[in-house]
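Visitor: Take this sequence and fold it.
(4 chains)
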2 protein chains.
Amino acid sequence: MNKPDKRDDILQSALKLLAEQGFHGAPMARIAEHAGVGTGTIYRYFENRDVLILAVHRMIYDELTTSLLAHYPKEQSVKEYFFHIGNCIIDYFIKNSLKSRYNEQFFNSPYGNEMRRNELDKENGQYNLFQELYKKGLEHQIIKTVPMTIFFDLAFAPMVWAVRDHHLGFVALDKALSDTIVSACWDCIKL
Amino acid sequence: MNKPDKRDDILQSALKLLAEQGFHGAPMARIAEHAGVGTGTIYRYFENRDVLILAVHRMIYDELTTSLLAHYPKEQSVKEYFFHIGNCIIDYFIKNSLKSRYNEQFFNSPYGNEMRRNELDKENGQYNLFQELYKKGLEHQIIKTVPMTIFFDLAFAPMVWAVRDHHLGFVALDKALSDTIVSACWDCIKL
DNA sequence: TAAAACGGAATGAACGTTCATTCTGAGATA
DNA sequence: TATCTCAGAATGAACGTTCATTCCGTTTTA
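Guide: Just a heads-up that it's a prediction; the model follows:
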């Protein structure tokens, strides 16, 4: 029995319960129980609740980034990049329902807002696929001239909402419909 | 001092505090204090917390509907209808920051999900501007053939996200940019 | 004056976090 | 090998706080 196992058990349980019950519906005690550890054990791996919540988000972010970079097209048009990213995101969140629900909650909470604010503030130099897409699109005069934030809203908001509707059972998002959505979003941002 | 006044004071205070502090950050006692009434008094007007939260949403919904119906264009093209609705929504939520924040929280909570589910279930016969837009668009073969839910996602998700970004200070949404967004959303849904 | 409205203290349930104690297994000892 | 030692991992009962709701004495209304 080594460290990483338990840490990961806790992370997975937190993901599941927080996604299903909401950030305010899953007490630490229940997360611990589901992970098969004592309540106090959580605090050996995560300083407090906030840190745990951020850690789950970090896990999802890293996984999605990995998924985006696998098969990332090289030396293609901006349009190709966008279609790759769009399809990848929809595919990933359709397949990972819990992570999708978790992300929604995260970005509609003070945690998510603070994170976005920090990212804007510190002009983070870290390589970012999304910012790259925006810059290239503007540079090549392929996309509409709007602030970066608005570009992301136009490009990705419908996808995120559609995935949510899929998981809530309001619509069945198959490959054909996904393609239609990504294509429609392209119509939205292209010049 | 008559009934309606106090009921409305409570409603306004709930709107403000719930929007600013989140659904889990504004205790009944604080709402009461802000409204200038005793804690117990809230329970004379609203059966419990859930009922209060739903009542605030209902107030916003009614107000927005009124705003949409004022100056509603008659006998115009689907495109005109869409631009009217889009501009109206952005305008309303830019001007009513608290109501905008409240609505986001509401629709990203079990309250909002349950409400949408109910609306779909009971095929509600009540006259609905949005459903009308969708039906007319399909009928006249002006918009893309997608399920109604997806239509709304494509048409309105970017607007809602953009307004949120405006209120979070990530972008300044002036008239010109609003027009650009509504126009881009039209590109997204039109055939 | 009887009834309704009101205020805010009281109640009890739920929660995040702590910490004194128990458990475990890898070395040390003989 | 059999036994002992002990660091630190794990535990969960207990604590202090917060909150929705209730209760009841007081004030207003008609």
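
Visitor: for the helix or strand bottoming out on mean pLDDT in chain A, which positions count as buried?
Guide: Of all helical and strand segments in chain A, the minimum by mean pLDDT, DSSP states H and E falls on helix A:110-121, at a mean of 86. Judged by neighbour count (16 or more other CB atoms under 10 Å in any protein chain shown), helix A:110-121 contains these buried residues: A:111, A:115. Where you see a C-beta, it was placed from the backbone N, CA and C, and this is true even at glycine.

Visitor: did I read that right, residue A:20 in a strand?
Guide: No. Applying DSSP: H, G, I helix; E, B strand; the rest coil, one finds residue A:20 to be helix, outside a strand.

Visitor: Give me the neighbour count for it.
Guide: 13 (other CB atoms under 10 Å in any protein chain shown).

Visitor: Contacts only, for it.
Guide: A:26, A:98, A:101 (CB atoms under 8 Å, 6 or more residues apart in numbering or on different chains).

Visitor: Could you check how far the residue in chain A that DNA strand D sits nearest to is from residue A:46?
Guide: Proximity of chain A to DNA strand D (CB to the nearest atom of the strand) peaks at residue A:40, 1.7 Å away. Going from residue A:40 to residue A:46 by CB to CB, to the nearest Å gives 12 Å.

Visitor: Between those two, which is the more surrounded one?
Guide: In this view residue A:40 and residue A:46 are compared by other CB under 10 Å, and residue A:46 has more residues nearby, 20 against 9.

Visitor: Tell me which helix or strand comes right after the host helix or strand of residue A:167.
Guide: With secondary structure defined by DSSP states H and E, residue A:167 is part of helix A:148-168. Downstream of helix A:148-168, the first helix or strand assigned by DSSP H and E is helix A:175-189.

Visitor: So, low pLDDT: which residues of chain A?
Guide: Along chain A, the model assigns pLDDT under 70 to residues A:1-4, A:122-126.

Visitor: who in it is up against DNA strand C?
Guide: Taking CB under 7 Å from any atom of the strand as the contact definition, chain A meets DNA strand C at A:1, A:25, A:26, A:27, A:28, A:29, A:39, A:40, A:43, A:48, A:49, A:50.

Visitor: 6 Å instead?
Guide: Neighbours of DNA strand C within chain A, by CB under 6 Å from any atom of the strand: A:1, A:27, A:28, A:29, A:39, A:40, A:43, A:48, A:49.

Visitor: Could I have the ChimeraX command that selects the buried members from the residues you listed?
Guide: Selection of buried members from these for ChimeraX, criterion 16+ other CB under 10 Å:
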select /A:28,49
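
Visitor: now the residues of chain A next to DNA strand C as a markdown table including secondary structure and distance to residue A:14?
Guide: Shown next, in a markdown table, are the residues of chain A next to DNA strand C (DSSP: H, G, I helix; E, B strand; the rest coil; distance: CB to CB, whole Å):
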| residue | secondary structure | distance to residue A:14 |
| --- | --- | --- |
| A:1 | coil | 20 |
| A:27 | coil | 11 |
| A:28 | helix | 9 |
| A:29 | helix | 12 |
| A:39 | helix | 13 |
| A:40 | helix | 15 |
| A:43 | helix | 13 |
| A:48 | coil | 13 |
| A:49 | helix | 9 |
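
Visitor: out of the residues of chain A next to DNA strand C, who's nearest residue B:7?
Guide: Residue B:7 has its nearest neighbour among the residues of chain A next to DNA strand C in residue A:27, at 34.1 Å by CB to CB.

Visitor: I'd like to know how far that closest one sits from residue A:39.
Guide: Residue A:27 is 9 Å from residue A:39, by CB to CB.

Visitor: Provide a list of residues in contact with residue A:11.
Guide: Residues A:52, A:55, A:56, A:59 are the ones in contact with residue A:11 under the rule CB under 8 Å, 6+ apart.

Visitor: nope, residue A:86 is what I meant
Guide: With contacts defined as CB under 8 Å, 6+ apart, residue A:86 is in contact with A:155, A:156, A:159, A:181, A:182, A:185, A:186.
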